[in-house]
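K.L.:
sequence first, then the predicted structure, then my questions.
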Amino acid sequence: YAQMDNVVTELRKGASGNGVTDLQERMSSLGYYVNEITGFYGASTETAVRLFQMGNNLKTTGEADALTLEIAYSTGAVSLTNARERFSSLPLTPDADGRSVLFNTARELLGGSFSSGDEDLYSGFTFMQYLFVTAGLPLLDPADYVSHASTHIGTVDSLPVGTPVMLDRPDSGGWLLGLY
């Protein structure tokens, strides 16, 4: 990240320090960041910033540029609670272009770790949320994902690459969320 006179002007994935801690705390207070405050700008922080940018009609980059930071710390920042109505009017089911973004992003992240302590019932949600938000689809919680899972299939042979899937895990009573 860049600093000028001890003022953070941009934060992005890989950054760490007090500026990131402050950003995580601000995103948390606005409802966009729900994980532990770590001071490291990883996938969870990027997801929160993307959702914030969507909710505040900013260019959705995942980077906290000067404009994003200015709005985030302003009294006019739109909280997640207030952005939910706007999000409900946006599509959540990816079209062919969206599936392509999901697939290509997932392929770039092979071997990465996306875990959260609250994934007992919906394993893989943090990863799927990251993919969806990167594709411009405001996936907020597992219930949103489940509500769009409309078709039971016997085999995956007919699915287009990049299709989000839910797999029943009878051994644990939960679901595994993933991408075909």
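P.N.:
Sure, I can see it. Here the structure is a predicted model, which is why all the values come from computation and not from measurement.
K.L.:
does residue 164 really touch residue 145, like I thought?
P.N.:
Yes. With contact defined as Cβ atoms under 8 Å, residue 164 and residue 145 form a contacting pair (7.3 Å). All C-beta spots, glycine's among them, are computed from the backbone N, C-alpha and C.
K.L.:
give me the common contacts of these two.
P.N.:
128, 177 (Cβ atoms under 8 Å, 6 or more residues apart in numbering).
K.L.:
residue 124: how many residues sit nearby?
P.N.:
22 (other Cβ atoms under 10 Å).
K.L.:
excluding covalently adjacent residues, which one is nearest to it?
P.N.:
Counting by Cβ to Cβ, 6 or more residues apart in numbering, residue 124 lies nearest to residue 177, which is 3.9 Å off, once chain neighbours are set aside.
K.L.:
now the one you found: phi and psi?
P.N.:
phi -100, psi 140 (degrees, to the nearest 10).
K.L.:
okay, it: pLDDT?
P.N.:
We have a pLDDT of 78 for residue 177.
K.L.:
distance check, it against residue 125.
P.N.:
5 Å (Cβ to Cβ, to the nearest Å).
K.L.:
what of residue 147?
P.N.:
14 Å.
K.L.:
the two: which is more packed in?
P.N.:
Per other Cβ under 10 Å, whichever of residue 147 and residue 125 has more neighbours is residue 125, with 21 against 9.
K.L.:
isn't residue 128 right up against residue 164?
P.N.:
Yes. Counting by Cβ under 8 Å, residue 128 touches residue 164, with 6.5 Å between them.
K.L.:
any shared contact partners between those two?
P.N.:
Joint contacts of residue 128 and residue 164 (Cβ under 8 Å, 6+ apart) are 145, 177-179.
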